[in-house]
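Peer 1: what's the 3D shape of this:
(3 chains)
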Amino acid sequence: CIADSLDDTNDGVNTFFLIYAASLVFFMQAGFAMLCAGSVRLKNLQNSMLKNLLDACGASLGYYTVGFAFAWGGSSPGESTNEGTTFVGTEQFFLMNVEQKAFWLFQFAFAATSATIVAGTLAERCQMLAYLAYSTALTAFVYPVVVHSIWNNTGFLSSFRAEPLLGVGVVDFAGCLVVHTTGGLTALIAAYVLGPRKGRFYTGVDGKRTAKDFPGHSTALKALGVFILWFSWYGFNAGSVYSITAKNHPLLAENAAVNTTLAAAGGTVSALLVKVWLVERRTGETLFSLSDALMGCLSGLVSITGGCAFMESWAAIIVGLLAGVLYLWGTDLMIRFGIDDAVDAIPIHMICGIWGSIAVGLFSNPSYLQLLHPAKQAGLVYGDGNLLACQLIGVLFVCGWVSVLMGPFFAVLHYIGWLRADSLEEIVGLDISYHGGLSVDGGTTDNESSHSED
Amino acid sequence: CIADSLDDTNDGVNTFFLIYAASLVFFMQAGFAMLCAGSVRLKNLQNSMLKNLLDACGASLGYYTVGFAFAWGGSSPGESTNEGTTFVGTEQFFLMNVEQKAFWLFQFAFAATSATIVAGTLAERCQMLAYLAYSTALTAFVYPVVVHSIWNNTGFLSSFRAEPLLGVGVVDFAGCLVVHTTGGLTALIAAYVLGPRKGRFYTGVDGKRTAKDFPGHSTALKALGVFILWFSWYGFNAGSVYSITAKNHPLLAENAAVNTTLAAAGGTVSALLVKVWLVERRTGETLFSLSDALMGCLSGLVSITGGCAFMESWAAIIVGLLAGVLYLWGTDLMIRFGIDDAVDAIPIHMICGIWGSIAVGLFSNPSYLQLLHPAKQAGLVYGDGNLLACQLIGVLFVCGWVSVLMGPFFAVLHYIGWLRADSLEEIVGLDISYHGGLSVDGGTTDNESSHSED
Amino acid sequence: CIADSLDDTNDGVNTFFLIYAASLVFFMQAGFAMLCAGSVRLKNLQNSMLKNLLDACGASLGYYTVGFAFAWGGSSPGESTNEGTTFVGTEQFFLMNVEQKAFWLFQFAFAATSATIVAGTLAERCQMLAYLAYSTALTAFVYPVVVHSIWNNTGFLSSFRAEPLLGVGVVDFAGCLVVHTTGGLTALIAAYVLGPRKGRFYTGVDGKRTAKDFPGHSTALKALGVFILWFSWYGFNAGSVYSITAKNHPLLAENAAVNTTLAAAGGTVSALLVKVWLVERRTGETLFSLSDALMGCLSGLVSITGGCAFMESWAAIIVGLLAGVLYLWGTDLMIRFGIDDAVDAIPIHMICGIWGSIAVGLFSNPSYLQLLHPAKQAGLVYGDGNLLACQLIGVLFVCGWVSVLMGPFFAVLHYIGWLRADSLEEIVGLDISYHGGLSVDGGTTDNESSHSED
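Peer 2: Just a heads-up that it's a prediction; the model follows:
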């Protein structure tokens, strides 16, 4: 009787925990939207906001119909299994027979995040049709297969299998590889095929490709976006323990939350100070770049996502510090290769996503890992190289899988003319081209009309 | 001993759950404020923000003094009772002897929401005095009586009575009828008496009344408002299960959260695409309206509020899809009847509120309903028409009650000249008229003063 | 066996509760950032946003290294002890051997808040170097000593000691004295040494010092900041009960949340209406000041922080009402003494912080106090003056401690020329001086560059 009551209590607590975490992860959509609102020009603001809204809507419908079934259909998340390997799940389409719907909600919010990452990069020059096509493809098939392979206990890289890869399997606590690398790499492929915004690059006096900064619509909203994302990340990372009443799970959840904080701080500080040093060496001026600090913060958050529950605090700080530097290196690389990323999503999500996935293989403390994962794993600094090898294989798999599918996909979109807005549409801005008029910002007159539909 | 400890645990979890949900519902105030900030013109921004702030303050004082007592005084929420019918509660004024104060907090946040709905509609032309009068009347008496009649177990429409209406009673899980229809209908009555903003309507070349769009102050803040509202809605809907440790309650809460997501997506997609189709048919252009997508999203959220815990996922999508279309039809209707609604609150909260209340009678699955409600109820598609009949009676009651009270109320306000700002005040903007000066937006100079009070 | 399971459940619930509360308190950073974004001029926006971001980062690194160890090292929070008095903790540096990391997270978020309070006041004229120096000093040493003295059970003012001061000790539930008064007083000292912004004060026609209002960048963002802060305050105040499954703790947490609401409403209403009355008496005009309503709201929130869990609702309303008036008096006082506070943090956090700390000694109900504190305490209205005496001693201690350390600290910074931005830097704005360029707000052109680093 008491045992039954306790079961009810635990059921309530765990459902509540997942609803809390899922609602926070959903709130990331607001964070990404404000980041975009702060980064794009006013003439593309409506376009950008609409894509952010549709990410959430498309992911929910995509995950309802097939996405969740492909990713998780028929399995018991977080439990070990002896069953064989499957490529995708084949049950629980249309939310049928899903026992724990709060888990569906949590997973939907993750899928929405992966789609949102791409939208930012392609801002200001991508057709609506292309957007609808790739976001559907990503959330309904490409991303679910990655989830299934790494997180599902019948996935071929899962560490919950009876005989995982190299005896350990891939470890990705909250989706550093699954969500961020997948989203960031898709963004890279798309940005490469799509080409840069008009006027973004020119040849400088030194003969090198130089990037012109496009000032975003609002500095304050960009900062707001980062604060919202940091806040939401507590749900993203701590929530990934799935159930909070199980023994030792609270310990993992709180470790994840603390390390999230420390890595964000590390990323902010290193991106800010290294940039100060670089600019000072070149120009003699001491300039503190808000934008780099904000992006460094996100880089730290992304990079700790994979191992937040399993690392010691000092390791989280190191991971964050390096992420900030990698972000600076990544943005430089994007310019060198002429790839235009409106919100720096490629360095942040792809490069720091890969770094974070590798860091799991370097710094994961076995005493934490064993609280969740059945296999005997340990990071390289604890004397075991197998986990690091698995992480590298995982990175290769994600890069290969995403490239093989999304590369041809965007090439075809481009070939048939569905990808890029035409020249004039881009110059006048997508709001006028696709959304019926320019946004008015702060206007005091009532003589202007933002919507000319009628 | 263990049983006592478990009671303490359950007490802690349920209090925590209600504080979480109440804080999210409170956060809706921020969402509505940003929606207003995005929708009104800069010259009325301070006026709009002040009303949003006062909604929360007024509701808390109104609910502290008499509102909660009228609505819930002396009853045990969510439990069946054999007691007779009462019109209002007569105990627990001034929070005296309220055992579960977290429940008060949750209910206060709902009352604040009902007041906020009205404030948006009347923006840009309503006197401060009128605002203070109607928001007090609404939260202290009109709304509590609706709560008492439908949610309280001694209310005459309650499904928790020993002999409920038609054997089933009215079902309104999270306030589709109680909160949204009440607020939306009050907004309609007020907007009708108040009249449209100057210059809002003119006679077009076809001789028909045409509406001029007043471009709002900020597109980004409007989108932010909708994202915040969607996020907060998880507290609004999932929180309405009141206690999370009771058997089956987690199941209802997670179903509510999932259906909230799906209906929001449905409303967004249908409002966006139907509008695309309508505009294309008329003008040949393909224009994606951000504003309609955002409002469609809110329409979906409102419409699922009543039955979110009791419907299957497919039904939630249908409810949302239809809500998006009803929103478009509603805005058109408002223009046809010359009713000016600054934030589209009437189509969203009243029309979709009524639709959502009826949908409860159509799609509610009895196997879910029986987990919470003692009476044997079922939606029409499950072969029982009594619930639908009750829902229609509930809608009629709310429409009648609100009209009878608020109609004369606004008429009197209008007659004595307290309702509408005078012509000049409206033209220069309410910020100059009532709040001492215009807001400066993004100004870089320091030569201007926004407040000239000193 | 069942007892062990229940322990796991309780562990999960309490960890979850602290993560929830900590994440909300962290979200205050977003609230303060938006408040600053709304209050400063566009030319200092990047500077202001960067400081808000660095507050969180600096506090996390400061609390990781030494801050937490000084404040809490080696003790059991919230439990009584017979151990002697210590000045600071000397264990658990670098998060070593911290059993409950969620508690660290919660405490870090509080430390970040104390630093943020100061940043707002000094906006628009303070060097980056000075900022880095004082925020480190505050979060790593000055603030932790206050925490240790009042909250830690071996602190000399703690009410959890075997023989507390005057038999009762100082009571500060959620940091009215510890967080807000410490931050607010540091802001006062810094603002006094730093001097006002150029052009802020001039001699009016009546020969008195008159303040020129500097219109902030965005009214809507200022309102957003206050809504976010009110929302986050539920985590700040309700979370301060630390564990929610212990007997009677839910009762304290929900009382704290309800009183937070009522005091916020009280502060808003009194600041708004008293200002209306003052302006009307002087000018004959009826002007409702949004800014004063918003600041009054924060004043109410600050003032209830100390006693929210222990007061009756009527007392919370009185505390809030008086806080609103004290805020108005405080801003007037600042102008009279020529102290320039860009965000009114001194009246809000220092003056209302002191008022709230004294109010604990006036209105605390012993039946609530005994649920948490072992000593027999009661507020003056319940017939006992010892608690009030302790509260006054606590206020004196904080004022003395902060003044003795931060006074010379800022004086030295000023003397060596690290404190104030130079005249030209201030006039062109700190964004151009320190951050490489002006923010663009709402610009539709792409011919301007906000960052000229390259």
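
Peer 1: quick one: buried residues of the longest helix along chain A?
Peer 2: Longest helix of chain A, by residue count under DSSP state H: helix A:2-39. Burial within helix A:2-39, assessed by neighbour count using 16 or more other C-beta atoms under 10 Å in any protein chain shown, is assigned to A:5-6, A:8-39. For every residue, glycine as well, the C-beta is placed using N, CA and C.

Peer 1: Show me what that helix is packed against.
Peer 2: helix A:45-62, helix A:101-121, helix A:219-238, helix B:2-39, helix B:219-238, helix B:249-283, helix C:2-39 (3 or more C-beta pairs under 8 Å, 6 or more residues apart in numbering or on different chains; DSSP states H and E).

Peer 1: Roughly how far does the closest residue to chain C within the stretch 51-200 of chain A sit from residue C:219?
Peer 2: Residue nearest to chain C within the stretch 51-200 of chain A: residue A:199 (6.6 Å; C-beta to the nearest C-beta). Distance from residue A:199 to residue C:219, counting by C-beta to C-beta, to the nearest Å: 34 Å.

Peer 1: Likewise for residue A:401?
Peer 2: In terms of C-beta to C-beta, residue A:401 sits 49 Å off from residue C:219.

Peer 1: and the two? which has more neighbours close in?
Peer 2: residue C:219 (28 against 16; other C-beta atoms under 10 Å in any protein chain shown).

Peer 1: In this structure the more buried one contacts residue B:47, no?
Peer 2: No: at 10.3 Å, residue C:219 does not count as touching residue B:47 under the criterion of C-beta atoms under 8 Å.

Peer 1: Common neighbours of the two, please.
Peer 2: residue C:290 (C-beta atoms under 8 Å, 6 or more residues apart in numbering or on different chains).

Peer 1: hmm, stretch A:103-114 touching chain C?
Peer 2: No: in terms of C-beta under 8 Å from any C-beta of the partner chain, no part of stretch A:103-114 sits within range of chain C; the closest distance is 14.4 Å.

Peer 1: Show me how far that stretch is from its chain's centre.
Peer 2: Its chain's C-alpha centre and that of stretch A:103-114 lie 11 Å apart, by C-alpha atoms, centre = their mean, to the nearest Å.

Peer 1: Output that stretch as PDB - backbone C-alpha positions only.
Peer 2: Provided in PDB are the C-alpha atoms of stretch A:103-114 (Å, rounded to 0.1, in the frame of the first residue of the first chain):
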ATOM      1  CA  PHE A 103       9.300  12.100 -22.400                       C
ATOM      2  CA  TRP A 104       7.900  12.700 -25.900                       C
ATOM      3  CA  LEU A 105       7.500  16.400 -24.900                       C
ATOM      4  CA  PHE A 106      11.100  16.600 -23.800                       C
ATOM      5  CA  GLN A 107      12.400  14.900 -27.000                       C
ATOM      6  CA  PHE A 108      10.200  17.100 -29.200                       C
ATOM      7  CA  ALA A 109      11.800  20.200 -27.700                       C
ATOM      8  CA  PHE A 110      15.300  18.800 -28.500                       C
ATOM      9  CA  ALA A 111      14.300  18.200 -32.100                       C
ATOM     10  CA  ALA A 112      13.000  21.700 -32.400                       C
ATOM     11  CA  THR A 113      16.400  23.000 -31.200                       C
ATOM     12  CA  SER A 114      18.300  21.100 -33.900                       C
END
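
Peer 1: Run a quick check on residue A:126 versus residue A:419, I expect a contact.
Peer 2: Yes: look at residue A:126 against residue A:419 with C-beta under 8 Å: they come within range, at 6.8 Å.

Peer 1: Now do the shared contacts for those two.
Peer 2: Common contacts of residue A:126 and residue A:419 (C-beta under 8 Å, 6+ apart): residue A:194.

Peer 1: ok, those two, which is more surrounded?
Peer 2: Comparing residue A:126 with residue A:419 by neighbour count (other C-beta under 10 Å), the higher total belongs to residue A:126, at 27 against 24.

Peer 1: Might you enumerate the residues of the stretch 101-250 of chain A proximal to chain C?
Peer 2: Near chain C, when you scan the stretch 101-250 of chain A using C-beta under 8 Å from any C-beta, you find A:199, A:210-220, A:223-224, A:226-228, A:230-231, A:234-235, A:238, A:243-247, A:249-250.

Peer 1: So the spatially most central residue of chain A: helix, strand or coil?
Peer 2: Residue closest to the mean C-alpha point of chain A, counted by C-alpha atoms, centre = their mean, is residue A:180 at 3.4 Å. Three-state call for residue A:180 (DSSP: H, G, I helix; E, B strand; the rest coil): helix.

Peer 1: and the gap between it and residue A:226?
Peer 2: Taken as C-beta to C-beta, the span from residue A:180 to residue A:226 is 16 Å.

Peer 1: tell me the mean pLDDT for the longest helix of chain A?
Peer 2: Averaging pLDDT along helix A:2-39 yields 96.

Peer 1: so where's chain A shaky on pLDDT?
Peer 2: A:440-454 (pLDDT under 70).

Peer 1: what about 80?
Peer 2: For chain A, applying pLDDT under 80 flags the ranges A:74, A:76-83, A:374-376, A:440-454.

Peer 1: So which residues on the stretch 201-350 of chain A come close to chain B?
Peer 2: A:217, A:218, A:221.

Peer 1: State the distance from the second one to residue B:227.
Peer 2: In other words, residue A:218. With C-beta to C-beta as the criterion, residue A:218 and residue B:227 are 16 Å apart.

Peer 1: Give me the more crowded residue out of these two.
Peer 2: When neighbours are counted by other C-beta under 10 Å, residue A:218 and residue B:227 differ, and residue A:218 comes out ahead with 32 against 27.

Peer 1: Now the more buried one. Nearest residue, chain neighbours left out?
Peer 2: Leaving out its chain neighbours, the residue that sits closest to residue A:218 by C-beta to C-beta, 6 or more residues apart in numbering or on different chains is residue A:38, at 4.9 Å.

Peer 1: correct me, but that neighbour touches residue A:225?
Peer 2: Yes: if you go by C-beta under 8 Å, residue A:38 and residue A:225 touch, sitting 6.0 Å apart.

Peer 1: Please name the residues that touch the residue nearest to residue A:242 when sequence neighbours are not counted.
Peer 2: Of all residues not flanking residue A:242 in the chain, residue A:78 sits nearest, at 5.3 Å (C-beta to C-beta, 6+ apart). The contact partners of residue A:78, taken as C-beta under 8 Å, 6+ apart, are A:153, A:160, A:242, A:243, A:372.

Peer 1: My guess is residue A:210 contacts residue A:204. True?
Peer 2: Yes: here residue A:210 reaches residue A:204: they are 3.7 Å apart, a contact under C-beta under 8 Å.

Peer 1: of these two, who's got more company?
Peer 2: Neighbour count, other C-beta under 10 Å: between residue A:210 and residue A:204, residue A:210 has more, with 14 against 11.

Peer 1: what about the more buried one, helix or strand, and which?
Peer 2: strand A:209-211 (DSSP states H and E).

Peer 1: How far off centre is that strand?
Peer 2: Taking C-alpha atoms, centre = their mean, one finds strand A:209-211 lying 27 Å from the centre of the chain it belongs to.
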